[in-house]
Every structure is written in C-alpha cells, then in structure tokens.
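Visitor: What follows is a predicted structure for the sequence shown.
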Amino acid sequence: MQLKHSFPPVADPDARILVLGSLPGDQSLAAQRYYAHPQNQFWQLMSPVVGCDLAALDYDDRLAALRAQRVALWDVIGSARRAGSTDAAIVDIAGNDIAGLIATLPDLRAIAFNGGTALKQGLKLLGRGFSGPEIVALPSSSPLHTIGLAAKQPAWAALATFLRDAQL
C-alpha cells in the first residue's frame, strides 16, 4: 500500500472555525486540491456557512472565500497507508500537529470534524485533557456517506453560528 500525505493547512490567524477532514482521497491527491472528488459534498455543504456558492468558484477562489469568512481547513492525518480512498482502509497513521495549529489561531471558536474517522483520530491527537474551542462532529461530506445532502445540511449549516456570534 502506498503512503499518502495530507496537504498543508489553509488557515489564517483570524480563523473562527477549523474544519478537519481525515485524509484526502485519491482524486484529491491527484489534483492536489481539498475535496476534489466531484461527488464529495464539502463545497455544497460549506456554501451556506460562508454565504456564497463555493462550488461555482474555481479552486483558488474557493479557498479565498473560506479564508475571507474566517474558516480554516486541514486534515487530522498527516500520512497513512491506504488502498483506495475509503477511511476504513487507513492504516499506519501519523497525525498532523492539530494542537500546534490551534495554538496559532487565537480567535478560534469551533473545531469541526468532517466525519467519524476525522473525529476519532482528531480527539485522539488532542488528548483527553483538551480544553479549547467547541468540538463539532459533522456527518461526512464523502459520497460514501450516503444519507444524502439534505440530511447532512443542518449540522453543517450550524457552523455559521460560530461566525455570526464572533461578529457581534
């Protein structure tokens, strides 16, 4: 099995929300872009949070829109071996320095985990004694998580409250 690596974080010091995935899938790795699989719903789910149609933008503009709305993006897994793109196939995990990134984000209000694997691995990395921004467990944006966009939308849309509350 090939060793696969995550991308660098997309984060500015004024970020209010940090969205953490598990590890980019094969299409994302090939394109060198977060959430590049055309059936991944990440960009659709984040659009109402940031108030613009991210899916309609080119990739660099998507990232710029996230940053402008104070949303940071990264993965909990820095490297791992995995056949294909499913989280269930991930082995030999080396985590990213999530705590180190969080320490550079003084305005952070929420850490949102995109799916169960991201949540499980992220909480393991943060440790039992973690006290910091609110932890938000999100249904995975992956097309393999088949509950449908409408069922996922409310949990994702709730992220906007962390941006609105910060602006009061």
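Guide: Arrived safely.
Visitor: contacts, neighbours, all on C-alpha from now
Guide: Will do.
Visitor: The nearest residue to residue 155 once chain neighbours are set aside bridge partners, please.
Guide: Nearest residue to residue 155 in three dimensions, chain neighbours excluded: residue 138, at 6.1 Å (Cα to Cα, 6 or more residues apart in numbering). Here residue 138 sits in beta bridges with residue 114, as judged by DSSP bridges.
Visitor: OK, contacts around residue 138?
Guide: 112-116, 152, 155-156 (Cα atoms under 8 Å, 6 or more residues apart in numbering).
Visitor: and if you look at residue 84?
Guide: So residue 84 contacts 25-26 (Cα under 8 Å, 6+ apart).
Visitor: does residue 80 count as helix, strand or coil?
Guide: Here residue 80 is recorded as strand under DSSP: H, G, I helix; E, B strand; the rest coil.
Visitor: can you pull out the helices in the protein?
Guide: Taking DSSP state H as the test, the helices found in the chain are 26-31, 42-50, 59-68, 98-103, 116-126, 149-157, 160-167.
Visitor: and those helices, which is most packed in?
Guide: With neighbours taken as mean count of other Cα atoms under 10 Å, those reach their highest mean count in helix 42-50, at a mean of 20.
Visitor: State the distance from the residue nearest to residue 155 to residue 84.
Guide: 23 Å (Cα to Cα, to the nearest Å).
Visitor: And for residue 70?
Guide: Taking Cα to Cα, one finds residue 70 at 32 Å from residue 84.
Visitor: for residue 161, same thing?
Guide: 35 Å.
Visitor: what does residue 131 give?
Guide: Distance, residue 131 to residue 84, using Cα to Cα: 35 Å.
Visitor: go on, residue 56?
Guide: For residue 56 relative to residue 84 (Cα to Cα), the value is 27 Å.
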